[in-house]
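Trainee: Have a look at this fold, sequence not included:
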C-alpha cells in the first residue's frame, strides 16, 4: 500500500437516534430504519443480498459435489470432470452477483448494516478480504450512501 494523504473533514452529527446493543437485538433496528423506510423507495440491498446468497449457496453445493466426486471416483474420472464443470459454471454467476452487491447503494441504515454484515460473512469476504478492484467499489458504495443520507 502506498502513502495516502487524508483531508481533514468535519462530519455533521446524524439525525439518527443513539440506540444500544440490546435495543438493536430486541428489534430496535426496525425502529431505527422505520423513518427512512416510510419516506424512501424499497431497500434494494435485501434483494441483492438474497440473490448473492442463493448463488453463493449454489457454488458451495457445486464445490461439495466436486469434493465427493474426487473422493469417490478419483481426480481423473468422468464424474469428477463433470463436477468440475459444475463448479466452473457456478463461479461466474456468483462473482457477478457479488459485484452487483458491491455496487448496490443501500437506501436505509438497515440496508447498510445488512450489507456490511453480508460482506463480513463467509459469503462476502470472510477471511480473504476484497481484491484491489473490489475495495474501491466498497468505498464508493459507502460514500454514495453517506452522500444521499446526509445531502
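Mentor: Nice, thanks for sending it over. On a predicted model such as this, the values are computed, not experimentally measured, just so you know.

Trainee: SS state for residue 54?
Mentor: helix (DSSP: H, G, I helix; E, B strand; the rest coil).

Trainee: Do you have the helices of the chain handy? List them.
Mentor: 21-23, 29-38, 44-73, 78-103, 109-120, 134-149 (DSSP state H).

Trainee: so which of those gets nearest residue 128?
Mentor: Residue 128 sits nearest to helix 134-149 of all the helices of the chain, at 10.1 Å, using Cβ to Cβ. Any C-beta I mention is one placed from the backbone N, CA and C, and that applies to glycine too.

Trainee: name the helices or strands packed onto that closest one?
Mentor: Helices and strands touching helix 134-149, by 3 or more Cβ pairs under 8 Å, 6 or more residues apart in numbering; DSSP states H and E, are helix 78-103, helix 109-120.

Trainee: Could you list the low-confidence segments of this protein?
Mentor: 1-41 (pLDDT under 70).

Trainee: Quick check: residue 56 touching residue 125?
Mentor: No: contact criterion Cβ atoms under 8 Å: residue 56 and residue 125 do not qualify, at 11.7 Å.
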